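S.K.: got a predicted model here, sequence first, then my questions.
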Amino acid sequence: MKKKIAIFASGAGSNAQKLIDYFRDHAFARVSLIVCNKPGAGVTNIAGAEGIELLLTDRLSLQSAEFPQKLREKGIDFIVLAGFLLKIPTTLIEAFPQHIINIHPALLPKYGGKGMYGHFVHEAVIAAKEKESGITIHFVDEHYDHGATIFQTTCLISGSDTPESLAQKVHFLEHQHFAPVVERLILKEL
Ligand SMILES: Nc1nc2c(c(=O)[nH]1)N[C@@H](CN(C=O)c1ccc(C(=O)N[C@@H](CCC(=O)O)C(=O)O)cc1)CN2
Ligand SMILES: NCC(=O)N[C@@H]1O[C@H](COP(=O)([O-])[O-])[C@@H](O)[C@H]1O
């Protein structure tokens, strides 16, 4: 039986699309659910185009005692956060211990925590005149961007880089590395 991946996303969904493409016809895993808290977000259109079940949620529903059971009933094995902007509650973390991972568009522990998402991250990195940035893939714990690091890789920042050009460099790294890292985690438990 293939492992079932649920992608949690709130935005455009470029990482979700890369994960879906990577695990299409994959030997031992597939993306079977997309969870989103923003009706109309780009990722909801990807769910429709790909014929993948979409579960719309909100802060209250996510925190309900029923939510983890809902995912279990759908046979979800792994939860992958790809630009999801709500805090994952301990109820869900305890229901999926070491099976919830997140990608952050910077080199944690710097530039993480509440308020550090999307363009806010790249603006802070550029404002600090950092010489490099990158991505961090980590397990999710009850705090933002605090769980154990699984993978990190970097990109150089030039003097002419803007938050927008840095975002493009970081997206390139995300699209290259996220799916293979997810695959290696799943492979470990087969
Ligand atoms: N328990 C955890 N939940 C989540 C984590 C995590 O590490 N532990 N990672 C985030 C993703 N993320 C950074 O990688 C992140 C997302 C959002 C925020 C944030 O400040 N959100 C705002 C609300 C934004 C909105 O609703 O538009 C807030 O909490 O006020 C910080 C970091 C996903 N969940
Ligand atoms: N702190 C969380 C955070 O900032 N996540 C970031 O949101 C973007 C989502 O892009 P996408 O919707 O195109 O995949 C990605 O760059 C991801 O690292």
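M.R.: Now that the structure is in, tell me what you want to look at. What you are looking at is a predicted structure, and each value in this text was computed from that prediction instead of being measured. Ligands and ions are numbered 1, 2, ... in the order given.

S.K.: got a list of what Gly112 touches?
M.R.: Listed by Cβ atoms under 8 Å, 6 or more residues apart in numbering, the contact set of Gly112 reads 104, 106, 136, 144-146. Yep, even glycine has a C-beta here, placed from its N, CA and C like the rest.

S.K.: hang on, I meant Leu85
M.R.: 10-11, 37-38, 117.

S.K.: try Gly113
M.R.: So Gly113 contacts 143-145 (Cβ under 8 Å, 6+ apart).

S.K.: among the contacts of Leu85, which one has the most neighbours?
M.R.: Ser10 (20 neighbours; other Cβ atoms under 10 Å).

S.K.: does that residue sit in a helix or strand, and which one?
M.R.: Assigned by DSSP states H and E, Ser10 belongs to neither a helix nor a strand.

S.K.: and the closest residue to it other than its chain neighbours, what element?
M.R.: Residue nearest to Ser10 in three dimensions, not counting chain neighbours: Leu85, with 4.2 Å by Cβ to Cβ, 6 or more residues apart in numbering. Using DSSP H and E, Leu85 maps to neither a helix nor a strand.

S.K.: how many other residues sit next to whichever residue of the chain sits closest to ligand 2?
M.R.: At 2.6 Å from ligand 2, Gly83 is the closest residue in the chain, using Cβ to the nearest ligand atom. Using other Cβ under 10 Å, Gly83 has 25 neighbouring residues.

S.K.: and it, backbone torsions?
M.R.: Reported as degrees, to the nearest 10, the phi and psi values for Gly83 are phi 80, psi 40.

S.K.: apart from its chain neighbours, what residue comes closest to it?
M.R.: The shortest distance from Gly83 to any non-neighbouring residue, by Cβ to Cβ, 6+ apart, is to Gly11 (4.6 Å).
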